[in-house]
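Trainee: here are the coordinates; sequence isn't available:
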């Protein structure tokens, strides 16, 4: 079948495209950047430029619809939060096209970190102490009530953008006001304040069918690109008996249909605490696939045929780690900014020898050009943002 994968600049789209192409489907990709890595992959048949979904939702969906008609697409696979834009403007798509994503109501709730955590707390899923004060004065009171250290983050966002960890009142106040100034937020959607929880950063990747958990793959983050938080760079499979239980409970409450990902922190006592949700395919998707959990193919089969083949979830007994090379380079830059002068050597060693059974998110010897395009994409963004490794764009957060 002809499939259209969106958001083609990121490695997640690249993983989705590879998965579907290797299953025998004809994959087209669209994105808002000509440097999209998937564009240059041997697994991709065609590529089309479309507008930025966060800058012009209706224009984006209309362009996707035109691509779908031109390429005779049967299924659209939204890779990122552009799924919400598509769900909001489904009427613009050709009637014959199916969209592989959860419904609009579920996406609206899950993309709002505050509403998601409130929902989780209502059904007994453990969360840190969290508040969304309605004014700067209320926020300053919440700082004292929450205690330090604490975390300040926008209600919507990804990759740790806009997230700050404050160890004292002055830092918290400055970070809070800076976030509002950067994003232009009003008090209808204020930033949230969250108690800091120390422990292992872990994730629960899942696939659900109308609120029923069908598959769950759990992982531990060994290294992140921003000093302990943000997108993971190096990760490995991980087991914790409580993670699938909390995942199943939340999936049922949201009546989730499709794939998603939950971020947890596991303190020393071993009991996971939910931090947030990625209501979409996630950055570490490739590791799930390498470990036998082919979430993209499962979502495609669910959308196209209404059922999922058993081979979508099979393990070979050999757990595989995964390293994101571009992310490792970003983490290296961050460490150099903190005067860790040995960072380039250690990063080079991780890339050359990431560990036993380790693979890469963004590089294949038999398909090397997408990796070079990815480096160009991030390098260009780094220069244009004034050498920021995780730039905030107001249209993407808030």
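Mentor: In hand now; what should we look at? What you see is a predicted model, and the numbers here were worked out from it, not measured in a lab. Numbering: from 1, shown residues only.

Trainee: helices of the stretch 201-350 of the chain, start to end?
Mentor: Using DSSP state H, counting those that start in this stretch, the helices of the stretch 201-350 of the chain run over 242-254, 285-290, 295-305, 325-337, 343-352.

Trainee: just want the angle from the last one to helix 325-337.
Mentor: Compare the direction of helix 343-352 with that of helix 325-337 by axes from the mean of the first three to the mean of the last three C-alpha atoms, to 10 degrees and you get 160 degrees.

Trainee: most tightly packed of the helices of the stretch 201-350 of the chain?
Mentor: Among these, the stretch with the highest mean neighbour count (mean count of other C-beta atoms under 10 Å) is helix 285-290, at a mean of 26. Yep, even glycine has a C-beta here, placed from its N, CA and C like the rest.

Trainee: let me see the mean pLDDT of that helix.
Mentor: In this model, helix 285-290 has a mean pLDDT of 96.

Trainee: what does stretch 26-37 give?
Mentor: On average, stretch 26-37 scores 97.

Trainee: buried residues in that stretch?
Mentor: 26, 27, 28, 29, 30, 31, 32, 33, 35, 36, 37 (16 or more other C-beta atoms under 10 Å).

Trainee: once you drop chain neighbours, what's closest to the residue nearest the centre of the chain?
Mentor: Closest to where the C-alpha atoms of the chain average out (C-alpha atoms, centre = their mean) is residue 282, at 3.6 Å. In this structure, residue 282 finds its nearest non-sequential neighbour in residue 261, 3.9 Å apart by C-beta to C-beta, 6 or more residues apart in numbering.

Trainee: likewise for residue 50?
Mentor: Of all residues not flanking residue 50 in the chain, residue 63 sits nearest, at 4.0 Å (C-beta to C-beta, 6+ apart).

Trainee: which helices and strands does the helix or strand containing that neighbour pack with?
Mentor: Secondary structure from DSSP states H and E places residue 63 in helix 57-70. Helices and strands touching helix 57-70, as assessed by 3 or more C-beta pairs under 8 Å, 6 or more residues apart in numbering; DSSP states H and E, comprise strand 2-5, strand 26-31, strand 46-49, helix 82-88.

Trainee: between these, which one is nearest to residue 388?
Mentor: For residue 388, the closest of these is strand 26-31, at 21.0 Å, according to C-beta to C-beta.

Trainee: returning to what we had before: among the helices of the stretch 201-350 of the chain, which is nearest residue 312?
Mentor: helix 295-305 (4.1 Å).

Trainee: residue 341: neighbour count?
Mentor: 9 (other C-beta atoms under 10 Å).

Trainee: can you read off the pLDDT for it?
Mentor: The predicted local confidence for residue 341 is 94.

Trainee: residue 152 is in what secondary structure piece?
Mentor: strand 150-153.

Trainee: parallel or antiparallel, which strands does that strand pair with?
Mentor: strand 164-166 (antiparallel), strand 192-195 (antiparallel) (DSSP bridges).

Trainee: where among the ones you listed is average confidence lowest?
Mentor: strand 164-166 (a mean of 92).

Trainee: contacts for that strand, please.
Mentor: With contacts defined as C-beta atoms under 8 Å, 6 or more residues apart in numbering, strand 164-166 is touched by 143, 148-153, 171-172, 175, 178-179, 196, 229.
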